[in-house]
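Trainee: Just the structure for this:
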Amino acid sequence: MSIDFNYNKRKMGSRLYYSLIMLPCDKDVTDPKYVQSEIDYRYLEKEVQREIVDLPVVKFTGDFMAGGLDKRQQFYLMTSLTDIYFVDTNNSNYAKYVSKIKNLPDISNNIVEDRFAASKDITMLKRAETFSINYNGVDYVLEITEENNGTFTTVEYDGNYLMDKEIEDEILDYFNKYK
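Mentor: Numbering: from 1, shown residues only. Prediction:
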């Protein structure tokens, strides 16, 4: 199969295409902790803003270079538990160039596309992030686990799971407000 590398440029116009490929990005990173580049959505040209919010949205599955993206769709938004990234595949099947995007308007109504359409046998077993929280002078550990069938949250105190639903809700509200 032959890929027309100029398709995206013709589809969106040269000016918009070059505006997107000139956004600051890090090349060939694997993990979000290595992403140094940031884009502030508020300061982008209106035409670029419109294009970015209309990009296909895919989930981050633990490695930017895992593959499974469509080479013909050059630009994506990729979501993790806490951040959103602008991704340029540069005609590869993985996130070749990545930048964290800040101040993006709510895209929760966008459909999250079925990533890995070419690799249906790949599924995420489990991905977890842990946060330390001091709430009302007490240290808690909050663990957010993302699996294929949903996101689960646990709160621990002194090595044991917190079993008080009211306190757990207060801690989660505090976390969501101040994270």
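
Trainee: Buried by neighbour count: which residues of the longest helix belonging to the chain qualify?
Mentor: Counting residues, the longest helix found in the chain (DSSP state H) is helix 165-178. Going by neighbour count (16 or more other Cβ atoms under 10 Å), the buried part of helix 165-178 is 167-168, 171-172, 174-175. C-beta: built from backbone N, CA, C; applies to glycine.

Trainee: Contact partners for residue 35?
Mentor: Contacts of residue 35 were listed using Cβ atoms under 8 Å, 6 or more residues apart in numbering, and they are 26, 29, 85, 98-100.

Trainee: and it, how far is that from residue 65?
Mentor: 12 Å (Cβ to Cβ, to the nearest Å).

Trainee: Need the pLDDT of the residue positioned nearest the centre of the chain.
Mentor: Nearest residue to the geometric centre of the chain (Cα atoms, centre = their mean): residue 79, 2.0 Å. As predicted, residue 79 sits at a pLDDT of 87.

Trainee: Beta-bridge partners for it, please?
Mentor: Counting by DSSP bridges, residue 79 is bridged to residue 59, residue 84.

Trainee: Compute the distance between it and residue 164, please.
Mentor: 31 Å.

Trainee: And for residue 69?
Mentor: 43 Å.

Trainee: When the two are compared, which one has more neighbours?
Mentor: residue 69 (26 against 11; other Cβ atoms under 10 Å).

Trainee: quick one: contacts for the more buried one?
Mentor: Contacts of residue 69 (Cβ under 8 Å, 6+ apart): 58, 76, 87, 89, 92-95, 115.

Trainee: Whichever of those residues end up buried, select them in ChimeraX.
Mentor: Only the buried entries of the contacts of residue 69 go into this ChimeraX selection, using 16+ other Cβ under 10 Å:
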select :58,76,87,89,93,94,95,115
